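S.K.: Could you look at this predicted model? Sequence included:
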Amino acid sequence: MKTDPAAAFQFRVAKHAALADPARLRIVDLLTLGDFSPTELQAELGMPSNLLSHHLRALEGAGLATRHRSEADKRRSYIRLAAGALEGLAPGAEHGATRILFVCTRNSARSQMAAALWRQVSEIPSTSAGTHPADRIAQGAIDVARRHGVELPVVPPRKLDGISGGDFVVTVCDNAHEELTSPGGIHWSVPDPLRINTDQAFEDAFTDISHRINDLAPRLHAA
């Protein structure tokens, strides 16, 4: 059974609201280590019992904490982190795509690196294109990819010749983003390494794109 996206979003809202209070965030930090009795939490936090009770009710209400009776002293209870309490705090896989299309102006560096990196982390097919493609892939892009164990395809840059309905478009250069009036996707403002054309410039672009790829991949599912 699929989770209602609206309900899942409201569940995230409730969790974030509960964690917005510094004291409750500190309690959750402690609970990631183990279970605490209210008395132990009170001593750890230096907090009055009535205020601690208020925070614990808020955490339980948001599905972040649970409590159970001690098997030894039945008058004592322990607070623990709820199963899966921290899951769902980040956005889930809300977008479907049949293909990921990375676009830059010349299709000689950023979009090529992005498509290759995507293939390492997702089963959704990826490709790349340029609005004004170059004659060949930049050597700096080939070199930095190899340094990180990523092989760029031995193909010439290709021109963007259309966007299909199932494409999730990611523009990785400002020129391409501003040239395409409605790409139907997202934009990453990655500086052009060819402007400086140094190893460090390509390294910076590769690192930037790699981080963004790892953040995006869990958000998409195959349509």
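M.R.: Arrived safely.
S.K.: For the rest of this, base every contact and every neighbour count on C-alpha atoms.
M.R.: OK.
S.K.: Now do the helices in this protein.
M.R.: Applying DSSP state H to the chain gives helices spanning 5-19, 22-31, 38-45, 49-61, 110-121, 139-147, 174-179, 193-196, 199-216.
S.K.: So for Val154, which of those helices sits nearest?
M.R.: Of all these, helix 139-147 sits nearest to Val154, with 9.7 Å by CA to CA.
S.K.: any idea how far that closest one is from the chain center?
M.R.: Centroid displacement of helix 139-147 relative to its chain, using CA atoms, centre = their mean, to the nearest Å, is 25 Å.
S.K.: quick one, domains of this protein?
M.R.: Taking automatic domain parsing as the criterion, the chain consists of the domains 5-81, 95-222.
S.K.: taking those domains together, which one is wrapped up most tightly?
M.R.: domain 95-222 (a mean of 18; mean count of other CA atoms under 10 Å).
S.K.: From Pro218, how far out is the residue of the chain most remote from its centre?
M.R.: Residue farthest from the centre of the chain, counting by CA atoms, centre = their mean, is Asp73 at 44.0 Å. Noted for Asp73: a distance of 44 Å to Pro218, by CA to CA, to the nearest Å.
S.K.: Over to Gly46?
M.R.: For Gly46 relative to Pro218 (CA to CA), the value is 39 Å.
S.K.: Ends of stretch 80-94, what's the gap?
M.R.: End-to-end for stretch 80-94, by CA to CA: 30 Å.
S.K.: in this protein, which segments are predicted with low confidence?
M.R.: 1-4, 93, 182-184 (pLDDT under 70).
S.K.: Quick one: closest of the domains of the chain to Gly88.
M.R.: Closest approach to Gly88 among the domains of the chain is made by domain 5-81 (6.4 Å; CA to CA).
S.K.: Do me a favour and get the end-to-end distance for the closest one?
M.R.: 24 Å.
S.K.: quick one: that domain to chain centroid distance?
M.R.: The answer for domain 5-81 is 26 Å, by CA atoms, centre = their mean.
S.K.: going forward can the numbers begin at 700, since that is how I track them
M.R.: All set: I'll call the first residue 700, so the last point we hit is now domain 704-780.
S.K.: any idea how far Ile799 is from Ala706?
M.R.: Counting by CA to CA, the separation of Ala706 from Ile799 is 28 Å.
S.K.: Let me fix that, I meant to ask about Arg756.
M.R.: Between Arg756 and Ile799 the computed distance is 44 Å (CA to CA).
S.K.: Also Val854?
M.R.: Separation of Val854 from Ile799 (CA to CA): 18 Å.
S.K.: ditto for Val853
M.R.: In this structure, Val853 lies at 19 Å from Ile799, with CA to CA as the measure.
S.K.: can you put the domains of the chain in JSON lines and add distance to Leu788?
M.R.: Output for the domains of the chain, formatted as JSON lines (distance: least, CA to CA, whole Å):
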{"stretch": "domain 704-780", "distance to Leu788": "6"}
{"stretch": "domain 794-921", "distance to Leu788": "13"}
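S.K.: you'd agree Val849 is up against Ala814?
M.R.: No: taking contacts as CA atoms under 8 Å, Val849 lies outside contact range of Ala814: 10.6 Å.
S.K.: Quickly list what's touching both of these two.
M.R.: Both Val849 and Ala814 lack any common contact, where contact means CA atoms under 8 Å, 6 or more residues apart in numbering.
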